[in-house]
Structure formats: C-alpha cells, structure tokens
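Colleague: prediction below, plus the sequence it came from.
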Amino acid sequence: MGQVVGDAEGIVISVDVERGRVTLKHGAIQALGMPAMTMVFRAADSAMLANVKPGDAIRFKVVRAENHFTVTQLAPR
C-alpha cells in the first residue's frame, strides 16, 4: 500500500518531543477519509515539535503509510 497525503488544520492539544508524538484536534481530512477528531500523530522529525505548544492553531500535512499516520509539516495558521 502506498502513501496517502492529507492537508488539515487543527489545534495542538499536547506535545511529546521525546517520543516524537503530537496530539491534534483536527477537522476532517478528506484525502484520508478521516472525520474531525482528536488523535495522536507521529512526527516525521521530532525537531519540528519544539516550535509548537498546546493551544497553537496550525496547518499540517499528514501521511498515511502502512496504517501509521505521520505529520510531515506543521505551520502556524
């Protein structure tokens, strides 16, 4: 199964830089067939998590590959 990429907006709920994880409350991600929800994502590079904190409004790209969801880009909204 190949990669599927989706774009979304959301709010940072929590950040775990050590584990490379970010919890986001996000809107629907149409490309992934995902409804709006709050979930934990892997970060492609944990260094990108140093620039966000809970409560930040963001735009992000997420990739689904082999049933894992990984955030590849984060930017302020």
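Modeller: Arrived safely.
Colleague: run me through the strand neighbours of the longest strand anywhere in the chain, direction for each.
Modeller: Identified as the longest strand of the chain according to DSSP state E is strand 4-16. Strand pairing for strand 4-16, determined by DSSP bridges: strand 21-26 (antiparallel), strand 57-65 (antiparallel).
Colleague: pick the most deeply packed of those.
Modeller: Mean neighbour count (mean count of other Cβ atoms under 10 Å) peaks for strand 21-26 among the strands paired with strand 4-16, with a mean of 19. C-beta coordinates here come from the backbone N, C-alpha and C atoms, glycine included.
Colleague: next SSE after that strand?
Modeller: As assigned by DSSP states H and E, the chain's next helix or strand after strand 21-26 is strand 37-43.
Colleague: what are the buried residues along that next one?
Modeller: Phe41, Arg42, Ala43 (16 or more other Cβ atoms under 10 Å).
Colleague: same check, this time on stretch 41-56
Modeller: Applying a neighbour-count criterion of 16+ other Cβ under 10 Å, one finds Phe41, Arg42, Ala43, Ala44, Ser46, Met48, Leu49, Val52, Asp56 buried in stretch 41-56.
Colleague: can you pull the contacts of the first one?
Modeller: The reference is to Phe41. The neighbours of Phe41, taking Cβ atoms under 8 Å, 6 or more residues apart in numbering as the test, are Arg21, Val22, Thr23, Leu24, Val62, Phe69, Thr70, Val71.
Colleague: redo that, cut-off 6 Å
Modeller: Val22, Phe69, Val71 (Cβ atoms under 6 Å, 6 or more residues apart in numbering).
Colleague: what do you get for the fifth one?
Modeller: Applying Cβ under 6 Å, 6+ apart, one finds that Ser46 lies in contact with Val17, Gly20.
Colleague: just the CA trace of stretch 51-58, in CSV.
Modeller: The C-alpha coordinates for stretch 51-58 follow below in CSV (Å, rounded to 0.1, in the frame of the first residue of the first chain):
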residue,chain,number,x,y,z
ASN,A,51,8.2,25.0,17.7
VAL,A,52,4.6,24.2,18.8
LYS,A,53,2.8,24.2,22.2
PRO,A,54,-0.7,23.3,23.4
GLY,A,55,-3.3,25.7,22.2
ASP,A,56,-1.5,26.7,18.9
ALA,A,57,-3.7,26.8,15.8
ILE,A,58,-1.8,25.0,13.0
